[in-house]
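Participant: Coordinates for the following, if possible.
(chains A and B)
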Protein chains: 2
Amino acid sequence: MTDEAYMDRALELAREALEAGEVPVGCVIVWEDGRIVGEGRNRREEDGDALGHAELAAIRMACGTVGGWRLHKAVMYVTLEPCPMCAGAIVNARIPVVRYGAKDEGMGACGSVLNLFEEGFGHRPRLYRGPREAECAQVMRDFFTKLREK
Amino acid sequence: MTDEAYMDRALELAREALEAGEVPVGCVIVWEDGRIVGEGRNRREEDGDALGHAELAAIRMACGTVGGWRLHKAVMYVTLEPCPMCAGAIVNARIPVVRYGAKDEGMGACGSVLNLFEEGFGHRPRLYRGPREAECAQVMRDFFTKLREK
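Facilitator: Coordinates of the predicted model:
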């Protein structure tokens, strides 16, 4: 599968979150052999859980799949720039490559508010923008449109 | 119960982690009425989970106990300075007061490597050192002594 196909899967998960009334964020974690070892979407409101972000769900699932906390052979695809909690989890899990779609000017910890990976916490993932930046930004706009209609 | 008694409970949890061969960190979350609504200890190695920190376990449990993701009437007591993931989770959960025992020069995100609460992520918890700083530092030293003996 290509980077585009993995990000498309993350977008599917984001749209599922949107349908459920959640902030639409989806995340997929891919192992070096190409398998999807973890995925998740935002469930904060449904689960009433402050930790209910897409990335944490995907990381927990991936740790279970690979049988350990070191995701050192993984790539993360996520539709929205990770927040500090999720960027910190990426560091803790030693994920070496992160690809994200849309910027998050309010809470983004991968370049927007700050870049947590450049702050001296030891592990520095390689960070890429895209693919599917436009689609990832659109799903966020769809959420805010829906919110205003309420 | 006093601040000292809550931190003593966090220290009990940290020592339980130490016995289990984990980095000894314990965490207790207390609601405004004095109830302990969440607690946890580090379980990263046992669970093989990069998210297995004491603070995340306590936050998840507290969200379940109070029935929602907003822990805006809670105080967190934690034996070690939170890492970026846990400091980000504290912001996401809107916890207004954090008390921690020992400093973490390598991964601390509440003043050591940086102070995440002063970086513009909207929610700024009040941060206190102690009580029981000496005991919290000692349990970490006990861990490193044990590690060297192996």
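Participant: What is the helix or strand residue A:16 falls within packed up against?
Facilitator: When secondary structure is defined using DSSP states H and E, the element that contains residue A:16 is helix A:3-19. Packing partners of helix A:3-19 (3 or more CB pairs under 8 Å, 6 or more residues apart in numbering or on different chains; DSSP states H and E): strand A:26-31, strand A:36-41, helix A:54-66, strand A:74-80, strand A:97-102, helix A:133-149. Where C-beta positions appear, they are placed from N, C-alpha and C, glycine not excepted.
Participant: Could you say which of these is packed most deeply?
Facilitator: For the helices and strands packed on helix A:3-19, the stretch with the most neighbours on average is strand A:74-80, a mean of 28; neighbours defined as mean count of other CB atoms under 10 Å in any protein chain shown.
Participant: Output the contacting helices and strands for that one.
Facilitator: Taking 3+ CB pairs under 8 Å, 6+ apart as contact, the helices and strands that strand A:74-80 lies on are helix A:3-19, strand A:26-31, helix A:54-66, strand A:97-102, helix A:133-149.
Participant: check contacts around the residue nearest to residue A:60 when sequence neighbours are not counted.
Facilitator: The shortest distance from residue A:60 to any non-neighbouring residue, by CB to CB, 6 or more residues apart in numbering or on different chains, is to residue B:51 (5.6 Å). By CB atoms under 8 Å, 6 or more residues apart in numbering or on different chains, the contact set of residue B:51 is A:51, A:56, A:59-60, A:63, A:89, A:92-93, B:85.
Participant: Output the helices and strands packed on helix A:3-19 as TSV; include the columns distance to residue B:45 and mean pLDDT.
Facilitator: Supplementary listing: the helices and strands packed on helix A:3-19 in TSV, determined by distance: least, CB to CB, whole Å; pLDDT from 0 to 100:
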stretch	distance to residue B:45	mean pLDDT
strand A:26-31	21	98
strand A:36-41	19	98
helix A:54-66	12	98
strand A:74-80	19	98
strand A:97-102	24	98
helix A:133-149	35	96
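Participant: will you turn these into JSON lines that also has distance to residue A:16?
Facilitator: Compiled in JSON lines, the helices and strands packed on helix A:3-19 are given as follows (distance: least, CB to CB, whole Å):
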{"stretch": "strand A:26-31", "distance to residue A:16": "7"}
{"stretch": "strand A:36-41", "distance to residue A:16": "6"}
{"stretch": "helix A:54-66", "distance to residue A:16": "10"}
{"stretch": "strand A:74-80", "distance to residue A:16": "11"}
{"stretch": "strand A:97-102", "distance to residue A:16": "16"}
{"stretch": "helix A:133-149", "distance to residue A:16": "11"}
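Participant: Is residue A:95 in a helix, a strand, or coil?
Facilitator: When states are read from DSSP: H, G, I helix; E, B strand; the rest coil, the local structure at residue A:95 comes out as coil.
Participant: how far away is it from residue B:84?
Facilitator: 14 Å (CB to CB, to the nearest Å).
Participant: Just want to know which of the two has more residues nearby.
Facilitator: Each of residue A:95 and residue B:84 had its neighbours counted (other CB atoms under 10 Å in any protein chain shown), and the higher figure belongs to residue B:84 (28 against 25).
Participant: So for that one, what's the pLDDT?
Facilitator: Confidence per residue is given as pLDDT, and for residue B:84 that number is 98.
Participant: Quick check, pLDDT for the residue nearest to residue A:60.
Facilitator: pLDDT for residue B:51: 98.
Participant: Residue A:150 too?
Facilitator: Confidence at residue A:150, expressed as pLDDT, is 80.
Participant: neighbours around it, how many?
Facilitator: By the measure other CB under 10 Å, the count of residues near residue A:150 is 5.
Participant: coming back round to it: give me the buried positions along the helix holding residue A:16.
Facilitator: Of the residues in helix A:3-19, A:6-11, A:13-15, A:17-18 count as buried by neighbour count, 16 or more other CB atoms under 10 Å in any protein chain shown.
Participant: show me the contacts for the most centrally placed residue in chain A.
Facilitator: Within chain A, the residue whose C-alpha comes closest to the C-alpha centroid is residue A:78; the distance, by CA atoms, centre = their mean, is 3.1 Å. When contacts are counted by CB under 8 Å, 6+ apart, residue A:78 is found next to A:10, A:25-28, A:54-55, A:58, A:86, A:98-101.
Participant: where's it relative to residue B:61, distance?
Facilitator: 26 Å.
Participant: Next: residue A:50.
Facilitator: Distance, residue A:50 to residue B:61, using CB to CB: 11 Å.
Participant: same question, residue A:76
Facilitator: If you measure residue A:76 against residue B:61 using CB to CB, the figure is 26 Å.
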